[in-house]
Every structure is written in structure tokens, then in C-alpha cells.
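starting from these lines, generate the structure:
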Amino acid sequence: MSNRLIKRAGIIACLVICVGCAEVALVSVTPIVAAIARHFDESTTRKIVELDQKQDWPGMLALAQSQLQRDPDHSEWWVLQGYALARQGQHAAAIDAYRQALRISPEDEDAWLALGQTQSEAGNYTEAAQAYRQALRYRPESAQAYLALGDLYLRRGQSDLALPNYREAVRYEPELEPAWVGLASAYHATGQTEERDQALQGLRKLDREAADRLEKQFRSK
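Below you'll find the predicted structure:
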């Protein structure tokens, strides 16, 4: 299975910003930025979104660090700092930033998910799985945490372990398209063709073209 189909980092989230409290702007950002931005005012949100869309990671890091000098107990700034560091390949420093955020807000699902993603990028797969399970400890219905675990196991060739996590992801969030992709892929990898085709049908309800492409890929192997 190609990384293009199972990598979560490229998933785009939608963020709604109030404009003058009268109209609404919808912008595309990465999921972690969408999660972080919800905690800030409109002006700060716009700045973070702009930096994310430009992929200005040094600028994002500078913003987070300047805010942390004023308010070191604001966990979302630590998460943003970790994200900016991770995007620059500074995984160890990013992990430290996420851990600082979690010392302040130990139940922060987004921080656990970000920590897990960076641990995975750094090749620390056991630690990544532990971070995702901590997210589930505080929010047992987190479809994103189940999706992350499924993706982690699928990338590691452990499709049997990926399957139950993908099933939970689509149970809690039936419109989570990447989870249907992962579920179909894991079923395909384990030779469960009937279940794979059922998962493809679930994906087809959300994105027919994506389901057709994935099915074609399965048939070509």
C-alpha cells in the first residue's frame, strides 16, 4: 500500500473563521493547526493559518516562542511550537515541546495525537502507539486516535492489528474517509476480500472516485 493512501499528515481539515461576526470564511489547513487555532482569537487564528498555508515553519516557531515567553503555561503554544519543529525535522525538540504541553494539559487529545505522529516520524513506533492509546484513555471515542493506530500498524505490516482500530474509527466517525481507506487496505492485506469490498462500499458513499481508484489498485495486484 502506498504512503499516499495511508499517510495522515497530508489530510486537509477545514477551519471556519468568523469575519466581522457577520460572514464566515472557510480555509484549508492541516488537522493539528485546525485543532490548535480553535483556542485563539480571530487575529491570532488568521496568523497561524497564514503561516501554515505558506509552510513558514521558522515563522510559526518564532510566533510560538514569542508567545511562550509571555505565557509559558499556555499548552496550545507548546503544541504549535512542537508542530513547527516537527515540520523542520527537529523531532526530539518537537517531542519535548509536546510533552511540556501535556504536563500542563494531560487530557489534551490533540497534543497526544501530535506527539504520536512525531514519534512515528522519528521511528519510535512503540512510543507512538503509547501516545495514541493515551489519547484514547482520555477520550475513548476518538476516531482520530483509532485511525492513527490503524495507520501505524498498517505501515508496519501488522494488518491484523490495524483492522480493529480502523473498525473503531469508522464506528465512531462514519464519514472519516481515511479510515475507510485504511480498513479496505487492511482487509486486502489479510486476504479478506468480502470484507474489503464492503469497506470499499463504505468509502464509495463518501468519495466514489477514491473508492474506484483504490479498487483498481487492489485488482492490479
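
excluding chain neighbours, what is closest to Arg204?
Spatial nearest neighbour of Arg204, excluding adjacent residues (Cβ to Cβ, 6 or more residues apart in numbering): Ala211 at 3.8 Å. From N, CA and C alone the C-beta is placed, and that goes for glycine too.

for that neighbour, what are its contacts?
Ala211 makes contacts with Leu200, Gln201, Leu203, Arg204, as judged by Cβ atoms under 8 Å, 6 or more residues apart in numbering.

what pLDDT does the second one get?
You'll see Gln201 listed with a pLDDT of 97.

the helix or strand hosting it: what's the following helix or strand?
Secondary structure assignment for Gln201, by DSSP states H and E: helix 193-204. Remark: after helix 193-204, the chain's next helix or strand is helix 208-219, criterion DSSP H and E.

enumerate the positions of that following helix that are buried.
Judged by neighbour count using 16 or more other Cβ atoms under 10 Å, the buried positions of helix 208-219 are Ala210, Ala211, Leu214, Glu215, Phe218.

and these as TSV, adding pLDDT and distance to Ala94?
Listed next are the buried residues of helix 208-219 as TSV, based on pLDDT from 0 to 100; distance: Cβ to Cβ, whole Å:
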residue	pLDDT	distance to Ala94
Ala210	96	30
Ala211	97	35
Leu214	97	32
Glu215	97	37
Phe218	95	35
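
burial of Tyr98, as a residue count?
30 (other Cβ atoms under 10 Å).

what sits against it?
Here Tyr98 is in contact with Trp78, Val79, Gly82, Ala111, Ala114, Leu115, Thr118 (Cβ under 8 Å, 6+ apart).

go with 7 Å
Tyr98 makes contacts with Val79, Gly82, Ala111, Ala114, Leu115, Thr118, as judged by Cβ atoms under 7 Å, 6 or more residues apart in numbering.

the strands in this structure, which residues?
13-19, 23-29 (DSSP state E).

quick check: the closest residue to Ile48 other than its chain neighbours vs Ala84, distance?
Closest residue in space to Ile48, ignoring its immediate chain neighbours: Ala37 at 5.3 Å, by Cβ to Cβ, 6+ apart. Using Cβ to Cβ, to the nearest Å, Ala37 is found at 14 Å from Ala84.

list residues touching both of the two?
Contacts common to Ala37 and Ala84, judged by Cβ under 7 Å, 6+ apart, are absent.

how about the helices in this protein?
Ranges of helices within the chain are 3-6, 31-37, 42-54, 57-70, 75-87, 91-104, 109-121, 125-138, 143-155, 159-172, 177-189, 193-204, 208-219, based on DSSP state H.
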